[in-house]
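Engineer: A predicted structure for the sequence below; I have some questions about it.
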Amino acid sequence: ATGSRVRELPIPGNDLDGVHYLRSIADVQAMQEEFAVGKKLVIVGGGYIGLEVAAVGTKRGLDVTVLETEERVMNRVVAREISQFFQDMHTEEGVHLELGRRVQEINGEGGHCVSVTCADGFTAPANMVVIGIGILPNVELAEAAGLTCSDGIVVDEYCQTTDPDILAIGDCSKHPNGLLGRHLRLESVHNAIEQGKTAAATITGNPTPYNQVPWFWSDQYDVKMQIAGLSDVHEQFVVRGDPATRSFAAFYLQQGKIVAVDAVNSPKEFMIGKKLVAAGAEIPVDDLADTTKDFKTMATAALAAAGA
């Protein structure tokens, strides 16, 4: 369980005072000590971490700018429509979203950051900078031990590495997911806990294969988004409910089967949706979009049809 470390931004000025990475409680405490009303906070990265920091900073009265290389926030993990919802929400809350901006340099005076310059010449004033561009799995020990690594320590469904006497769990491990039919490396509390249980069962001679639906959450302002499954491969996408109310759910389907759900302030849809993903259940997109049809009733029938 060697965990992971933050992915550093290899640009001039990344070591100036006022520049923060967010990974540990100590990182949070150091950052919060600099929070003050009216300060200019620049966040590099428009993923979950970056947007969550933006929400906290805005609520604390900071002037927040988010710089994102892609053309939309959370580009790799949600559909375009979900990105647009979060972009609109952050803009309404006062965040300055600068999309398609590749950071080139953090400028300083007297050893402290004062601004961030992008490759296109755009410059954002900054009293403090938070960099959130992902993590890297800590695989050095595993590599030294001769274990197979590929974007993580490769394990089987029992959390055993290529040396069966060595197990790996959590952010550092890459495991086979039977539901999705491929290897995954997940960065979530749930995954770390459940893999820990699987490893314990393996060690104690009661091996039980790890086969969980990936799920995550993100809190931003008054919005809690809960995600079950992975949406990177899908053919159909449908929204149930009205995003303008800040309470809705989005479903992703592949070959007619529900493979992921994004639930925004919709805990019922999340809990039921997670079961639908686990079962590979099918509900027609037109029915999912029709809010006059009871979701629980449709889901119960779909789960029964899937043998769940």
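Structural biologist: Nice, I can see it. Residues are numbered from 1 along each chain as shown.
Engineer: before we move on, what SS does the closest residue to residue 122 other than its chain neighbours have?
Structural biologist: Spatially, and ignoring its direct neighbours in sequence, residue 122 is nearest to residue 101 (5.8 Å; CB to CB, 6 or more residues apart in numbering). Glycine gets a C-beta too; all of them are placed from N, C-alpha and C. Secondary structure state of residue 101, per DSSP: H, G, I helix; E, B strand; the rest coil, is coil.
Engineer: show me what contacts residue 101?
Structural biologist: Residues in contact with residue 101, defined by CB atoms under 8 Å, 6 or more residues apart in numbering, are 67-69, 118-120, 122.
Engineer: tabulate those residues (a markdown table), appending secondary structure and neighbour count.
Structural biologist: Listed next are the contacts of residue 101 as a markdown table, based on DSSP: H, G, I helix; E, B strand; the rest coil; neighbours: other CB atoms under 10 Å:
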| residue | secondary structure | neighbour count |
| --- | --- | --- |
| 67 | strand | 25 |
| 68 | strand | 25 |
| 69 | coil | 16 |
| 118 | strand | 18 |
| 119 | coil | 11 |
| 120 | coil | 10 |
| 122 | coil | 15 |
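Engineer: nearest to residue 5 among these?
Structural biologist: residue 69 (20.5 Å; CB to CB).
Engineer: which residues in the stretch 51-200 of the chain form strands?
Structural biologist: Ranges of strands within the stretch 51-200 of the chain are 63-68, 96-99, 103-109, 112-118, 123-125, 128-131, 135-137, 153-154, 173-177, 182-184, based on DSSP state E, counting those that start in this stretch.
Engineer: check which helices and strands the shortest one sits against.
Structural biologist: Of the remaining helices and strands, those touching strand 153-154 by 3 or more CB pairs under 8 Å, 6 or more residues apart in numbering; DSSP states H and E are strand 173-177.
Engineer: now do the strand it packs on: which elements does it pack against?
Structural biologist: Looks like strand 173-177 contacts strand 153-154, strand 182-184 (3+ CB pairs under 8 Å, 6+ apart).
Engineer: which of these is buried the deepest?
Structural biologist: strand 153-154 (a mean of 24; mean count of other CB atoms under 10 Å).
Engineer: how far is that one from where the chain is centred?
Structural biologist: Here the centre of strand 153-154 is set off from its chain's centre by 20 Å, with CA atoms, centre = their mean, to the nearest Å.
Engineer: and it, what's its mean pLDDT?
Structural biologist: For strand 153-154, mean pLDDT rounds to 98.
Engineer: export the strands of the stretch 51-200 of the chain as JSON lines, with columns for distance to residue 261.
Structural biologist: As requested, the strands of the stretch 51-200 of the chain are exported to JSON lines (distance: least, CB to CB, whole Å):
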{"stretch": "strand 63-68", "distance to residue 261": "24"}
{"stretch": "strand 96-99", "distance to residue 261": "25"}
{"stretch": "strand 103-109", "distance to residue 261": "33"}
{"stretch": "strand 112-118", "distance to residue 261": "35"}
{"stretch": "strand 123-125", "distance to residue 261": "35"}
{"stretch": "strand 128-131", "distance to residue 261": "29"}
{"stretch": "strand 135-137", "distance to residue 261": "25"}
{"stretch": "strand 153-154", "distance to residue 261": "28"}
{"stretch": "strand 173-177", "distance to residue 261": "16"}
{"stretch": "strand 182-184", "distance to residue 261": "17"}
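Engineer: flag whichever of those has the least confidence on average.
Structural biologist: Among these, strand 182-184 scores lowest, with a mean of 92.
Engineer: give the next helix or strand downstream of the worst-scoring helix or strand of the chain on mean pLDDT.
Structural biologist: Confidence across the helices and strands of the chain bottoms out at helix 25-32, with a mean of 87, counting by mean pLDDT, DSSP states H and E. Downstream of helix 25-32, the next assigned helix or strand under DSSP states H and E is strand 40-44.
Engineer: elements contacting that following strand?
Structural biologist: Using 3+ CB pairs under 8 Å, 6+ apart as the contact test, the elements touching strand 40-44 are helix 48-59, strand 63-68, strand 112-118, strand 123-125, strand 128-131.
Engineer: ok, which of the ones you listed comes nearest residue 292?
Structural biologist: The nearest among these, by CB to CB, is helix 48-59 at 32.8 Å.
Engineer: just give the number of residues close to the nearest residue to residue 212 once chain neighbours are set aside.
Structural biologist: Among residues not flanking residue 212 along the chain, residue 194 sits closest, at 5.2 Å (CB to CB, 6+ apart). Residues lying near residue 194 (other CB atoms under 10 Å) number 16.
Engineer: now swap in residue 165 and tell me
Structural biologist: 7.
Engineer: mind checking how far it is from residue 208?
Structural biologist: Counting by CB to CB, to the nearest Å, the gap from residue 165 to residue 208 is 18 Å.
Engineer: same question for residue 188.
Structural biologist: For residue 188 relative to residue 208 (CB to CB), the value is 20 Å.
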